[in-house]
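A.B. asks: Fold the following.
(4 chains)
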There are 2 protein chains.
Amino acid sequence: MEDLINKIKTSLHLSSEAEEFLYSISKEKTLPKGEVLIRQGQIVKKTFFVTSGCLRSYCVDKNGKEHTLLFAIKDWWISDYIAIHTDELASLTIECLTESKVIEFNAKELDGIYARFPEFESYQRHNLERHVVSLYKRILNQLQLSAVERYDLFLNQYPDIEQYTRNFHIASYLGITQQSLSRIRVEKVKK
Amino acid sequence: MEDLINKIKTSLHLSSEAEEFLYSISKEKTLPKGEVLIRQGQIVKKTFFVTSGCLRSYCVDKNGKEHTLLFAIKDWWISDYIAIHTDELASLTIECLTESKVIEFNAKELDGIYARFPEFESYQRHNLERHVVSLYKRILNQLQLSAVERYDLFLNQYPDIEQYTRNFHIASYLGITQQSLSRIRVEKVKK
DNA sequence: AGAAAAAATTACCCTATGGTAAAAAAACTA
DNA sequence: TAGTTTTTTTACCATAGGGTAATTTTTTCT
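C.D. replies: Residues are numbered from 1 along each chain as shown, chains lettered A, B, ... in the order given. The predicted structure is shown next:
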């Protein structure tokens, strides 16, 4: 919980009441590798702040193939925000790729923070603005870069994530098969 | 300007002071087809609310190919938010696909609205949350759908946009060439 | 309307990436 | 540590979509 408080404090003065509120609605958990926090098709109520380890959210398509939307490591939030904001069942599954520590919140409860402590509105707006920009960039990269270029960029952009993931997780994030990623990796070694 | 005010009023009580402020920093413009509002490589200061017509934002890659990030029609905002939020030069070009009417704002000035009228924080947070969800969906679609499926989805999702765009605009949004889109269209007619 | 420009279609061949399956390597587990 | 499971690699062939260029159609301009 320290981690979350500290993260918030880097950009927002946190009143002791707000801090107290966060404590009161949070639950710290240590999860084993492989644990599933949200399962595609089920109701989504929770959202998670990661303090150690690595999680990913992915969907399984009609052919049974997995597609990774997001990896989350220390200081990232993860949940199925599609489901939460559209009030639908989960379209994503969220699993631990390693043993992980997370702070769990009920998403609705956490949302109450804006009414109680309006200073969070601005904080979150800025977070979302940055997030939108990163998603724009990801879309543009997907449109204009080759698989090799996307892989290189991924390694540069998220050097900390590779250590936690299997190659097929990365492939499914980049939009290629694990066989293609394997070939790309072989080519890289040759050079 | 009515359009913007009305749009805001659907989800926010707008004080007359706030309305006055919006008027004071806005400029209504009618733009001819082909007009470029922001050019890749230049400084970005403005943001636009569209009241009629259609605009698109796109980038040109190192091979000279265009990739469309966004189309904007009535009631959408458009700018190069990547540049604005990272304080870089434009990575996007924004052009009118048809004669269009927009309300122009200086992005920094518009940002001042949150300090003056904090009720906009919550309004914008909700907008951004929805936008993030739509971007997540676009990424997942790009990962799991074929070109044909993406085209069908585009037509269903944005039936109003097709009338304003050329096919090569849509192709560059879907991540395929205009030749591929042409083949897809031919196949559709056959069925 | 007629000329010019832009866009769409078509054809031909090419390439990046996918699919399947088997083998090898690595990572768990008891 | 041996056995089991999972992941990665490799090979071979398949295919969706790309590149170029010519042709036709549509749009724009005067």
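
A.B. asks: same for the lengthiest helix in chain A, what does it pack against?
C.D. replies: Criterion DSSP state H: the longest helix present in chain A is helix A:119-144. Counting contacts by 3 or more C-beta pairs under 8 Å, 6 or more residues apart in numbering or on different chains; DSSP states H and E, helix A:119-144 packs against helix A:107-116, helix A:147-157, strand B:66-72, helix B:81-86, helix B:119-144. Glycine gets a C-beta too; all of them are placed from N, C-alpha and C.

A.B. asks: Run through the residues that contact A:Leu12.
C.D. replies: Going by C-beta atoms under 8 Å, 6 or more residues apart in numbering or on different chains, A:Leu12 touches A:Glu119, A:Phe120, A:Tyr123.

A.B. asks: The same query, at a cut-off of 7 Å, please.
C.D. replies: A:Leu12 is in contact with A:Glu119, A:Tyr123, counting by C-beta atoms under 7 Å, 6 or more residues apart in numbering or on different chains.

A.B. asks: Would you mind measuring from the nearest residue to A:Thr68 once chain neighbours are set aside to A:Ile161?
C.D. replies: Leaving aside its chain neighbours, A:Thr68 sits nearest to A:Tyr173 (4.0 Å; criterion: C-beta to C-beta, 6 or more residues apart in numbering or on different chains). As for A:Tyr173, its distance to A:Ile161 is 9 Å (criterion: C-beta to C-beta, to the nearest Å).

A.B. asks: which residues do the two both contact?
C.D. replies: Common contacts of A:Tyr173 and A:Ile161 (C-beta under 7 Å, 6+ apart): A:Phe71.

A.B. asks: Give the residue from the two that has the larger number of neighbours.
C.D. replies: Shown here are A:Tyr173 and A:Ile161; by other C-beta atoms under 10 Å in any protein chain shown, A:Tyr173 has more neighbours (26 against 20).

A.B. asks: any idea which helix or strand comes after the helix or strand hosting that one?
C.D. replies: For A:Tyr173, the host element (DSSP states H and E) is helix A:167-174. Sequence order places helix A:178-190 as the next helix or strand after helix A:167-174, per DSSP H and E.

A.B. asks: Is that next one in proximity to chain B?
C.D. replies: No - against chain B, helix A:178-190 shows no contacts by C-beta under 7 Å from any C-beta of the partner chain, the least distance being 13.6 Å.

A.B. asks: Put the alpha carbons of that helix into PDB.
C.D. replies: Once non-C-alpha atoms are left out, helix A:178-190 reads as follows in PDB (Å, rounded to 0.1, in the frame of the first residue of the first chain):
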ATOM      1  CA  GLN A 178       5.000 -17.300 -31.400                       C
ATOM      2  CA  GLN A 179       6.600 -19.100 -34.400                       C
ATOM      3  CA  SER A 180       7.100 -15.800 -36.100                       C
ATOM      4  CA  LEU A 181       8.600 -14.200 -33.000                       C
ATOM      5  CA  SER A 182      10.900 -17.200 -32.700                       C
ATOM      6  CA  ARG A 183      12.200 -16.600 -36.300                       C
ATOM      7  CA  ILE A 184      12.700 -12.900 -35.600                       C
ATOM      8  CA  ARG A 185      14.700 -13.800 -32.500                       C
ATOM      9  CA  VAL A 186      16.900 -16.200 -34.500                       C
ATOM     10  CA  GLU A 187      17.600 -13.500 -37.100                       C
ATOM     11  CA  LYS A 188      18.500 -11.000 -34.400                       C
ATOM     12  CA  VAL A 189      21.100 -13.400 -33.000                       C
ATOM     13  CA  LYS A 190      22.600 -13.900 -36.400                       C
END
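
A.B. asks: which other residues reach it?
C.D. replies: For helix A:178-190, using C-beta under 7 Å, 6+ apart, the contacting residues are A:Ala147, A:Val148, A:Tyr151, A:Asn167, A:Phe168, A:Ile170, A:Ala171.

A.B. asks: just stretch A:130-149 next, same as before
C.D. replies: A:150, A:153, A:174-176, A:180, A:184, B:59, B:61, B:67, B:69, B:81-82, B:85-86, B:128, B:131-132, B:135, B:138-139, B:142, B:175.

A.B. asks: For A:Ser172, give its distance to B:Pro159.
C.D. replies: Applying C-beta to C-beta, the value for A:Ser172 to B:Pro159 is 31 Å.

A.B. asks: what's the neighbour count on A:Asp80?
C.D. replies: Per other C-beta under 10 Å, the neighbour tally for A:Asp80 reads 28.
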